[in-house]
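Asker: The following block contains a protein sequence and its predicted model.
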Amino acid sequence: MIDPTKVDLDQLPKKFCDGAIGAYNKEVFTFILTSGNSLDSFATTPQIMKSIALWMSTQLENYEKQFGAIKMEPPEIQSPLQAADLGK
């Protein structure tokens, strides 16, 4: 087993995660982390999934204490094609 205290996160290769989907049943959680068109699939026990969720929740709380609340509204992205341009 890997000793997490000896892992240098700066030295590990990374993918930018842009989404997640998943499901569960009584025995297992399955989830997919997306990065563009790339998918990485995982399965884990309910106990490990809860430990992941608790860790993530703590990380988010600490982030927001340091940097402020994370806005969850979708960004307003203006389409390059506007209705006003259709008559031109």
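Answerer: Good, I have the coordinates. Numbering: from 1, shown residues only.

Asker: Now residue 43: which helix or strand?
Answerer: When secondary structure is defined by DSSP states H and E, residue 43 falls within strand 38-44.

Asker: which residues sit against that strand?
Answerer: Counting contacts by CB atoms under 8 Å, 6 or more residues apart in numbering, the residues outside strand 38-44 that touch it are 15, 28, 29, 30, 31, 32, 33, 52. (Glycine included, C-beta is placed from N, CA and C.)

Asker: switch to 10 Å and redo it
Answerer: 15-22, 24, 27-34, 48-52 (CB atoms under 10 Å, 6 or more residues apart in numbering).

Asker: In helices only, show me those.
Answerer: The members of the contacts of strand 38-44 that map onto helices under DSSP state H are 48, 49, 50, 51, 52.

Asker: circling back to that earlier point, quick one: average confidence on the strand holding residue 43?
Answerer: Per-residue pLDDT values across strand 38-44 average out to 96.

Asker: Quick check: residue 44 vs residue 50, distance?
Answerer: The span separating residue 44 from residue 50 equals 10 Å under the rule CB to CB, to the nearest Å.
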